[in-house]
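In: here is a sequence with its predicted model. Questions after.
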Amino acid sequence: MSMTVPSADLLSNHASEALLAVDPVTLKVVRANATAAGWLGYEDGLHGRAVTDIDVSLAGAVFWNEACAGVRENLDRVETQYRRGDGSLVDVVQSVFAVQEDGSDYFVVRASGAKRPSLSDQAAADYATQLRTILEATAEGIMVLDTAQEVVSINHRLAALWSLPGEAIAGGDSAQILTLMGAQLPVAADAPSCLHALLSGAYRQMSQVITLRNGRTLEKRAQPHLVDGRSLGTILTFIDVTDRVHAELSLKSDRDYLVDLVSRQIADLRRARDEAEQANLAKSKFLATISHELRTPMHAILSFSGFGERGYASSPPEQIRRYFSRISQAGGQLLGLIDDLLDLSKSRAGRLSVAREMQDIRPVIDKVVQEMSALADGKQLGLGWRFEHEPSMAAIDAIRLGQVVRNLLSNAIKFTPSGGAVELRLSRETDGAGQPWHRLDVGDNGSGIPEDELELIFEQFEQGKGAGLVSGGTGLGLAIARELARAHGGDISAANNPGGGAIFTLLLPAQAAAGERPGARDLLIRA
Amino acid sequence: MQARASIDQLKVGVYIHLDLGWMDHPFGFSSFKIKSVEQIGTLRQLGLTSVRIDPDKSDAAIDPIRPQAPAAIHLAATATPSPPAHPEPPSLSPALQAKHERQKKLAEKREAIARVERRYQKTAEGLRRLQNSLQKSPAQSMVEVAALAHSLSSDLLAQPEIALFAMHSQSPNQEPHAHALNVALLSLVIAREMQIAGDEGALLVQGAFYHDLGLREVPSRILMKTEALSSSERAAREEHVESGVRFARDLQLPLPVIEIIAHHHVLMDGSGYPAGMQPASLSSLARIVALVNQYDNLCNNAILARSLTPHEALSLLFKQQRQKFDEKALQILIRCLGVYPPGTLVQLSNDTVCVVSSVNTARPLRPTVVAYDAKTPREAPMVVDLLEEKDINIRAALRRSQVPANVLDYLTGRGRVTYFYERAEA
C-alpha cells in the first residue's frame, strides 16, 4: 500500500505567516502562499506584482534596490509597512532570506502582522509603570491636562479628594471627569466652567484654596507642563488642607475669644480702679469736711471758755451765763456731729444695728412732733399731723425711728419760711407684689428742691444749693436717715410738691416679722 | 532560563552570553548566536572553558551542565572582565584591533562634530544678528546677507567631498534663523548633486535665508498655536508668502530669490499655496527649497512632541508625499541623508538599541551605530559596523519617546537637529 504525499503547497498554504518568493532581477513576486494572498487581498493575485508595490517603506525600497544590484543578504525581523489590495497600509514584521534553488536566486519573504513588543517598548512600559506607581503613591491629587485642555491623566488621590467614583478613573473621559468635579464646586459648574475655574487664578508658585461640597478644603497649584522648553499642557496638584484650615479657624476663634476676654477684664479693672479712685477722693473729701465740721464747734467751745476764764471776775454774770450757753450749744453740736459720724461709719461698715420690735409707730412719731412743736412755734409755722385711727404696726427700733422722723421734721421746719406750714401724714399702701407699707409724708411749703438734687441731698455732707442759705446742719442727717430707713427694710425719698415745697417720704414695711428684712427695697413706690 | 555549557558542548545555533567587556573579545556583540565553528574556536582562544547559554534563543539543543550553579565559584575559573588577565592570542588581534579602530574613529568623529558645531554656531549667530537688523537697517543687512550666502555656497559647493553632520542642539531658543540655516544647508547639499554651481548657489542660499521672513507679520498667537488653526487663522498664516514677497521687492532682491519666497509652499500636485500655480513652471531652486522646508518642518516642529525623527520624516515624504515634491530632489535628499540619517535611534534585530553614528552611503541600510550597553562606559561605547555584522540588521527606527530617558542620554542629546558640513578626508 503506497502513501499519498500531498504537495508542498498544501503545507505552505496553512502557514500562519504570509510567504512570498521574489525574483531578485525583476523584483516581482513569483509565488505566494494562500495566507499571503488572503491577507494582502489583491484581486488579481500577487503573482507578477512588483514587491515594491507591496513593501512601501523607504528602507524596503532601498533594500530591494540593492538586491536588484546584486546584494544577497538576509533581513531578520524588520518592521515595515505593506500596502494591501484595498490601498490600506498595515504594519508588518518581515524576514527575508536569500536562497538558491536549482541554480536560481530567490528571495523568500516571510511576513506577519503581529508586532512583538520591542525591548524599548518593554522598557518604556516598565518605566511608565514605575512612574505610575510613584504617581499613585504621592499624597497630592494630580491632574494632567494637555494643550487642548483635555484631561490626560488623574491619580487615585485626586479622585478621592474630589469624591469621584471609581469608574471615572478607569474609563472616564475628560468631559465626564470635569463634570463630576464641577458638581463638587461650591457653585455647581458644568465641565467647561469647572475647567475655567481650575485654570484661572493661580499659576506657578501661587496657590489657590477651594472648598468643595464634600467638606474638603483643597490647596490648588497649577503649573505649565514643560518638556524641553515647550508646553505640553498644564499640571494641577491638589493638597488636602481641611485639617489645617480647621486648625487655623479654631486658633483664630480662640484668639478672638482671648482678646475679648482680656479686653473685658481690662475694662472691669479700669472701672474698679476708677471707682477706687473716686472712693478715695470721696474719703479725702469726707475727712476734709469732717475735720472742718469738728473744728468749728470746738473753736466756739475753746473761745468762749477762754473768755469765761479770763473775764469771770470782771464780766457781768449775764455775760458769763451767755458764754456757758454758747459752750453748751457748741458742745451739743459737737456731740451731735460725733454721733452722726459714728452712726454713719457704723452703717458704712455694715454694723449699724437696729433693734426692731413690733410696735405701733404712731406714738413714736407723735412724741417727735411734740418735741418739735416748740421749734415750729418759734418760726410761726403751722405743724399738722394726720394719722390713722387704727394701730400702725411695724417692726421698728423706736429710738432710731424717732431719729429719722426728727431729722425729716427739723429739715422741713428749717427750710420753710416763717408763716408757712409743715405737715406730716401717715398712710398705708400696698405695692405691686402685695406687700403692705407704712407711708409717712413730711411736706413743707418752702422753696422746694431742684430736680437734679433730689438724690444728691442724701449724699453725705451734701445739703444742696438751696440749703446753703439756711445752714446749720451737718449735711449728714439725710444720709443717716436713709441708712436707718434702709436698715428697717424701708427707704426715704424726696419729691417736690406740685403745690410748692418739698415732700420727704418715709416708707416702712408693715407687719414684717421681727429681725426680718423684707427684700422689697427696690419696690418703693413714689407718689 | 539561564544555564551554562562547556566549550566542548557548543554547537552552531547556540545562543551565548559572554560575560566579558566589549573590548575583551573580538565579536560585535557580547550576546549572539554562534554561526560558525570558527567562532567556537575563537571562544577557545579567549581561554573560556564554559559559557552562559540561553536555550530559549538557541536553534540547537544541548544539555546544559551545572544548571544555575552559584556563579561565584565558576567565574573564578573562567575569564574575568579585567583585560590584562591573559595575553591575547595573535589571531584575535585583528578583530580586537578593528574594534579599537572603530572606537578611535568614533572619538575622532566626536571631535569633528565639536569642530563643526563651533563653525555652525558662528554662522548661525551671524545669521541671527543679520535677520534682526533687517528691520532697522535693511540696505546694510541685505548686503551682508548676500555676502554670507555667497561665502557659504562657494565653500560647500567647491569641496570635493563633504561629510554632512547632524547635530542635536542643546538650547531651544534658536528659531527662526536655525530653520533658515538648515534649509539653506540642505538645499546646498542637494544643489551640489544637481551640479548647480556658483552664483546660482548663492541665490539659492539667499532664498533659503529669506523664505519665511513674512512670518514676522503673522501674529505670534497663531504661530505658537498648538491646536488646529481655524480657516481664517490658516489664511493669515498663508499670507506670509505674500508679505515675504513684498518685503523682498522693497529690498530689491534678485528675481530668483523672490521666486523662491513666492513658491516655497507650492506643491507639485497643485495642493499647495498660493493656489493656481503651474508646478511645471517652478524653478528648480524653488522646488529644492520647498522640499527641504517641508523636511525641516517635519523634523523640527514648533511642538516638540510632534517632531519626527529624520528617518520618519524621510519615510513620510517618501511614502505619502512623493507626488508633492520634485522626485529627483527627494531622491537626492534621501541619498545624502541616508535612510537612517546620523542621529536616528534604531533597534537592531538582536534587540539592542543604538544610535546611527555615520552612514555608509553605498549601503545606507548598514550604517555604523553606537550601541547602548549599561555595562560599557559612554566615553568608550560599543561601536558596531553593520557592514561587518552581516547577521544583524536594523529592525526598526525608534521615536525618542519610545526610548527610556537614561538610554536617550547615553546615546544622544536632546533638542532640535541642525545640520552642518565639513570637508571630508578622501
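Out: Noted; the coordinates are in hand.
In: near residue A:380, how many other residues are there?
Out: Using other CB atoms under 10 Å in any protein chain shown, the number of residues around residue A:380 comes to 10. Glycine gets a C-beta too; all of them are placed from N, C-alpha and C.
In: any regions of the stretch 351-500 of chain A where pLDDT drops low?
Out: Within the stretch 351-500 of chain A, the stretches with pLDDT under 70 are A:351, A:460-475.
In: could you tell me how many residues sit around the residue of it found nearest chain B?
Out: Of all residues in the stretch 351-500 of chain A, the one sitting closest to chain B is residue A:452 (82.4 Å; CB to the nearest CB). Neighbour count of residue A:452, defined by other CB under 10 Å: 9.
In: quick one: contacts for whichever residue of the stretch 1-150 of chain B sits closest to chain A?
Out: Closest contact between the stretch 1-150 of chain B and chain A, by CB to the nearest CB, is at residue B:33 (10.4 Å). Residues in contact with residue B:33 (CB atoms under 8 Å, 6 or more residues apart in numbering or on different chains) are B:13, B:14, B:15, B:16, B:57, B:58, B:59, B:391.
In: close to chain B: what parts of chain A are there?
Out: With CB under 8 Å from any CB of the partner chain as the criterion, chain A meets chain B at residues A:56-59, A:61-63, A:66, A:71, A:73-79, A:81, A:89, A:118-121, A:123-124, A:127, A:147-148, A:227-232.
In: apply 7 Å and report the result again.
Out: Within chain A, the positions near chain B by CB under 7 Å from any CB of the partner chain are A:56-59, A:62-63, A:73, A:75-79, A:118-121, A:123-124, A:127, A:147-148, A:227-230, A:232.
In: for the stretch 201-350 of chain B, what spans make up the helices?
Out: Applying DSSP state H, counting those that start in this stretch to the stretch 201-350 of chain B gives helices spanning B:220-223, B:231-238, B:240-251, B:255-263, B:284-299, B:310-320, B:327-337.
In: return the most buried member of these.
Out: Counting by mean count of other CB atoms under 10 Å in any protein chain shown, helix B:284-299 has the highest mean neighbour count of the helices of the stretch 201-350 of chain B, with a mean of 24.
In: so what touches that one?
Out: B:179, B:182-183, B:186-187, B:190-191, B:203-204, B:207-208, B:211, B:256, B:259-260, B:263-266, B:307-308, B:310, B:313, B:316-317, B:325-326, B:329-330, B:333, B:417 (CB atoms under 7 Å, 6 or more residues apart in numbering or on different chains).
In: surely residue A:210 forms part of a helix?
Out: No: looking at residue A:210 with DSSP: H, G, I helix; E, B strand; the rest coil, it is strand, so not inside a helix.
In: can you get me a residue count around it?
Out: Residues near residue A:210, counting by other CB under 10 Å, number 18.
In: from what I can see it touches residue A:218, true?
Out: Yes: counting by CB atoms under 7 Å, residue A:210 does reach residue A:218; the two are 5.1 Å apart.
In: returning to that earlier point: now the residue of the stretch 1-150 of chain B closest to chain A. Its backbone dihedrals?
Out: phi -90, psi 130 (degrees, to the nearest 10).
In: next, the distance between the ends of stretch B:257-274.
Out: Start and end residues of stretch B:257-274 are separated by 17 Å (CA to CA, to the nearest Å).
In: mean confidence for it?
Out: The predicted model gives stretch B:257-274 an average pLDDT of 90.
In: got the contact list for it?
Out: Applying CB under 7 Å, 6+ apart, the contact partners of stretch B:257-274 are B:203, B:206-207, B:210-211, B:238, B:241, B:244-245, B:248-249, B:277, B:279, B:282-283, B:285-286, B:289-290, B:293, B:323-326.
In: and that stretch, how far from the chain's centre?
Out: In this view, stretch B:257-274 has its centroid 27 Å away from the chain centroid, taken as CA atoms, centre = their mean, to the nearest Å.
In: how about stretch A:431-444?
Out: Using CA atoms, centre = their mean, the offset of stretch A:431-444 from its chain centre is 50 Å.
In: and it, what's buried?
Out: By neighbour count on 16 or more other CB atoms under 10 Å in any protein chain shown, the buried set for stretch A:431-444 is A:435, A:436, A:437, A:438, A:439, A:440, A:441, A:442, A:443, A:444.
In: adding secondary structure, write those out as CSV.
Out: Formatted as CSV, the buried residues of stretch A:431-444 follow (three-state DSSP):
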residue, secondary structure
A:435, coil
A:436, strand
A:437, strand
A:438, strand
A:439, strand
A:440, strand
A:441, strand
A:442, strand
A:443, strand
A:444, strand
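In: fine by me, thanks again.
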